[in-house]
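Undergrad: Predicted model follows, preceded by the sequence.
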Amino acid sequence: MTKNKIAIIGLDSVPPELMFEKLLDKLPNIKRMYQRGIHGNLESCHPPITVPAWMVMMTGKNPGKLGIYGFRHRKGFSYNDGYIVNSTTVKEETVWEILSKHGKRSIVLGVPPGYPPKEVPNCQIVSCFITPSMDKAFTYPHSLKEEILSVSDGKYIFDVTFRTEDRDSIKKELFEMTEKRFDVAEYLVKNKSWDFFILHEIGFDRLHHAFWKFFDPSHPKYVPGNQYEHLDLEYYKMVDGRIGKLVEMLGDDCLTFVLSDHGSKGMHGAFCVNQWLEKEGFLKFKTPPSVVTEIDEAEIDWSKTKACGLGGYYARIFFNVKGRESDGLINPNDLEREKKSFAQKAMSIADDKGKKLNNFVFEPSELYGIAMGDKPDLIVYFGDLNWRSAGTVGHDSLYLFENDTGPDDSVHSMNGIFLMFDPKKNLKGKELKGLRVEDIAPTLLRLYDLEIPDGMDGRVILGVVNGS
């Protein structure tokens, strides 16, 4: 089923449990696409985080090949030197870069990490939510910036401030940001020549982080009858209306996908990984912190420290190895033994009520095959990702019930959504199983009848290519 035009509507962090189950009957446009198209759960990458997941989706290569394991990375084998991933970190070719080489034109709106925007021939690019401000160059070509500002009344919004207790302000800005994003999407679709279109909307992720406890009765902090109890429906319905309008503008000759990079679920708490490392003898402080302190600012005695961790949705564990780190302690020949010791102890961690957590410990090279870049020594999921990893130290307990970086109600889950809609066909709501984010890039290239480059980890989704 070779297609001339393909569009992707990317909805960050949308779980099938919300869009395909709880809310589907109240989302008329998504429901029509669901009933006439093909759908399924889309399994995310490890870790299931916005960055790297969208690049895994758009390159067909896993995080190990990309060398991207989250937003924040430790630089080399330093103790405190780190960096935030941006577009220049991505060395593998995206779908639109491959299409460009074949003379096909793309519109790329907000796909992370998209700042600074790369200069890709045949592309109209607007950068993503990591863009520092409107004052920066956030488009390619540069002249496109004035058009974007004109369409958005001089205030295009890249992201919202969502880790705050001012929920009313979050709600207001969230809706405004998303409306403007779709205004820009409609303008680009209507006024630019294109073969491939992709839109990324970060608003769902922010909605979930800021409001999940208000609309999910299973959340530990849910209170019935609160003022935001139906905000999930309100926001999803607004976006459903914008999707319906956009799909109509895309036309009958366009094959449309609605995709998310991972799902969301309620946060149970945060586990203080570095305090636990100290308790288990892996980490030693020169002076134990008396107040909550970032691990980078804590006084660590590296001459007596075997391992340290970074927090986030999961824990990244770095061992202190002789000849690798400047004050390395572990003999390289003993590293595997120390990893096994850590893993055994980590797998036995219990929650605040004494119930064993369902933890997972991964070795990057075993997880990915190839693990490039500044990878951690081990990756740890606490409580099957229901618990975050808190990297800060100086807490009174190993267990926190708020995010240590600010108010937060949700964590990420492994399954996002997959929905394909062809206006000219009724595919009767067929469900596909076993879909992964890596499969999207090779499937798109096959739909354009292009050769799939070597090294992609994904497979072509035959149920999509065959159109039945």
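TA: Everything's here; your move.
Undergrad: For the rest of this, base every contact and every neighbour count on C-alpha atoms.
TA: Will do.
Undergrad: Quick one: distance of whichever helix in the chain runs longest to the chain centre.
TA: Identified as the longest helix of the chain according to DSSP state H is helix 167-191. From the chain centre to the centre of helix 167-191 is a distance of 20 Å (Cα atoms, centre = their mean, to the nearest Å).
Undergrad: what does that helix contact?
TA: With contact meaning Cα atoms under 8 Å, 6 or more residues apart in numbering, helix 167-191 is reached by 107, 109, 148, 151-152, 156-162, 197, 199, 201, 203, 206-207, 210-211, 235, 239, 242, 246, 249-250.
Undergrad: Just the buried residues out of the residues you listed, in ChimeraX syntax.
TA: This is how ChimeraX selects the buried members of the contacts of helix 167-191, with burial counted by 16 or more other Cα atoms under 10 Å:
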select :107,109,148,151,152,156,157,158,159,160,162,197,199,201,203,206,207,210,211,235,239,242,246,250
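Undergrad: Same question for the longest helix of the chain: list its buried residues.
TA: 170-171, 173-186, 188-189.
Undergrad: ditto for stretch 399-406
TA: Using 16+ other Cα under 10 Å as the test for burial, stretch 399-406 gives 399, 400, 401, 402, 403, 404.
Undergrad: what's the closest of those residues to residue 128?
TA: For these, the minimum distance to residue 128 (Cα to Cα) is 24.2 Å, reached by residue 403.
Undergrad: Apart from its neighbours in sequence, what residue is nearest the closest one?
TA: For residue 403, ignoring the flanking residues on the chain, the nearest one in space by Cα to Cα, 6 or more residues apart in numbering is residue 270 at 6.3 Å.
Undergrad: which one is residue 394 nearest to, not counting chain neighbours?
TA: Per Cα to Cα, 6+ apart, closest to residue 394 is residue 292, 4.3 Å.
Undergrad: now residue 29
TA: Nearest non-adjacent residue to residue 29, counting by Cα to Cα, 6+ apart: residue 244, 5.3 Å away.
Undergrad: Near that neighbour, how many residues? Count them for me, please.
TA: 16 (other Cα atoms under 10 Å).
Undergrad: Quickly find the element holding it.
TA: helix 231-250 (DSSP states H and E).
Undergrad: tell me the contacts of the closest residue to residue 70 other than its chain neighbours?
TA: With Cα to Cα, 6+ apart as the criterion, residue 70 has its nearest non-adjacent residue at 5.5 Å, and that residue is residue 51. Counting by Cα under 8 Å, 6+ apart, residue 51 touches 68, 69, 70, 71, 112, 113.
Undergrad: Repeat that for residue 96.
TA: By Cα under 8 Å, 6+ apart, the contact list for residue 96 reads 105, 106, 108, 123, 196.
Undergrad: who touches the residue nearest to residue 403 in this structure?
TA: Contacts for residue 270 were tallied using Cα under 8 Å, 6+ apart; they are 387, 388, 389, 390, 399, 400, 401, 402, 403, 404.
Undergrad: tell me the SS of it?
TA: Using DSSP: H, G, I helix; E, B strand; the rest coil, the structure places residue 270 in strand.
Undergrad: Okay, and the beta partners of it?
TA: Using DSSP bridges, the bridge partners assigned to residue 270 are residue 388, residue 400.
Undergrad: Next up, phi/psi of the residue nearest to residue 35 when sequence neighbours are not counted, please.
TA: The shortest distance from residue 35 to any non-neighbouring residue, by Cα to Cα, 6+ apart, is to residue 429 (4.2 Å). Dihedral pair for residue 429: phi 70, psi 30, per degrees, to the nearest 10.
Undergrad: Would you agree residue 429 is in contact with residue 38?
TA: Yes: with contact defined as Cα atoms under 8 Å, residue 429 counts as touching residue 38 (5.2 Å).
Undergrad: Which of those two has more residues huddled nearby?
TA: Just comparing residue 429 and residue 38: by other Cα under 10 Å the higher neighbour count belongs to residue 38, 24 against 19.
Undergrad: No further queries at this time; thank you.
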